[in-house]
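A.B. asks: Okay, sequence plus prediction incoming.
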Amino acid sequence: MSAAKHVRRPRVALVVKRTSYRKFVMEVRDLRVEKLLRRGDPTVRSIRPSHEAHEETVREVEAALSAIGAEIVSRGGPRARISPRVDLVVTVGGDGTLLSASHQLGRGCPLLGVNSAPGSSVGFFCGAVKGEARLMIERALRGELRDVELARMRVDLNGKKLHGRVLNEALFCHPSPAATSRYILKIHGGRRTVHEENQRSSGLWVGPAAGSTAAQRSAGGRVLPLSSQKIQYVVREPYTPAGGRIRFARGLVDESSVLELRSKMREAKVFMDGHQLAHDVEIGDVLEMHRCDEPLTVLGIANKRRT
């Protein structure tokens, strides 16, 4: 009789959100937050129920992985190292957790987000919600969930890469929100300049389609189809002198073109996918932004509608 065929266990990386309640109450013991919680203050009223819903979902996901027989090869927070040799990455949290984890994932690595507190979290990029973790993880591992490849953006500073996997957007502006941002905006394809303009504003949002329903839309941009390969730029509160006008307040940059921003500020910042990834930019520095060649593979969101 031949030996039984060995079946390899699926290898899964688990990325778990660190809730506000865990951070400020259980770990840091922030006295002000604890006082507000005791008073039932509306500014913190939701953080404990959200934490409890999240913890229930974490237990649900871990139980599902155990029942499936998956091997959890790495487990950590959104910025913890993710093992590169996995069949699936599962995030437990919301869109922010998925976004942070995405920065470590290259082309073709499937990502399934589980929205751990759907009552308080939008979780658009999460293909599963609390209560359906086992079903969706099993379907993901069997290849039954349709994937969506989301375009990402690369940001260079003076010819050197700052970030190659921006999913939502970059914000270029003066460090003070009360100050005017001054820069030269240029769009070029190779040696050919398509548009160029000196601008003054509150800053500039630039990002791929995935981020077009967030800051880009709030600033007046278009909602792009998830399949779009274009980069959108949207100027925040453009300054137009009397009798003048700004020609390029918003627009799209195709796959063959580059958006260039030349700083006219002594001090400036570029923020990428939130406030934590930030770099200083000085006068004369040049930022370049364009679509990168590493799309992000996300499972379970193909049928979601963007509004």
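C.D. replies: Done, it's in.
A.B. asks: Count the neighbours of the nearest residue to H174 once chain neighbours are set aside for me.
C.D. replies: Excluding the flanking residues, the one nearest H174 by Cβ to Cβ, 6 or more residues apart in numbering is S181, at 4.8 Å. From N, CA and C alone the C-beta is placed, and that goes for glycine too. Residues near S181, counting by other Cβ atoms under 10 Å, number 28.
A.B. asks: List phi and psi for S181.
C.D. replies: Dihedral angles of S181 (phi, psi; degrees, to the nearest 10) stand at phi -90, psi 130.
A.B. asks: Could you do M289 as well?
C.D. replies: The phi/psi pair for M289 (degrees, to the nearest 10) is phi -130, psi 130.
A.B. asks: The helix or strand of the chain with the lowest mean pLDDT: which residues count as buried?
C.D. replies: For the chain, using mean pLDDT, DSSP states H and E, the weakest element among its helices and strands is strand 192-201, scoring a mean of 88. Buried residues in strand 192-201, defined by neighbour count with 16 or more other Cβ atoms under 10 Å: Q199, R200, S201.
A.B. asks: List the pairing partners of that strand within its sheet, with orientation.
C.D. replies: strand 181-189 (antiparallel) (DSSP bridges).
A.B. asks: Mean confidence (pLDDT) on the longest helix along the chain, please.
C.D. replies: As assigned by DSSP state H, the longest helix anywhere in the chain is helix 47-68. Mean pLDDT, helix 47-68: 96.
A.B. asks: Only the buried residues of it, if you could.
C.D. replies: Applying 16+ other Cβ under 10 Å to helix 47-68 flags 47, 50-51, 53-55, 57-58, 60-62, 64-65 as buried.
A.B. asks: Point out the other elements, helices or strands, that the helix or strand following it touches.
C.D. replies: Sequence-wise, the next helix or strand beyond helix 47-68 is strand 71-76, with elements assigned using DSSP states H and E. Strand 71-76 sits against strand 11-16, with contacts defined as 3 or more Cβ pairs under 8 Å, 6 or more residues apart in numbering; DSSP states H and E.
A.B. asks: The strand it packs on: how far from the chain's middle?
C.D. replies: 18 Å (Cα atoms, centre = their mean, to the nearest Å).
A.B. asks: Now do it and strand 71-76, the angle between them.
C.D. replies: 30 degrees (axes from the mean of the first three to the mean of the last three Cα atoms, to 10 degrees).
A.B. asks: Could you look up the SS state of H163?
C.D. replies: With DSSP: H, G, I helix; E, B strand; the rest coil as the basis, H163 sits in strand.
A.B. asks: so it touches L277, yeah?
C.D. replies: Yes. Between H163 and L277 there is a contact under Cβ atoms under 8 Å: 6.6 Å.
A.B. asks: So for these two, which residue has more residues nearby?
C.D. replies: H163 (20 against 16).
A.B. asks: List the residues that contact that one.
C.D. replies: H103, R154, V155, M272, D273, L277 (Cβ atoms under 8 Å, 6 or more residues apart in numbering).
A.B. asks: rewinding a little: can you list the buried residues of helix 47-68 in TSV and add distance to A268?
C.D. replies: What follows is the buried residues of helix 47-68, written out as TSV (distance: Cβ to Cβ, whole Å):
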residue	distance to A268
I47	34
S50	35
H51	37
A53	40
H54	36
E55	41
T57	40
V58	40
E60	44
V61	41
E62	44
A64	46
L65	45
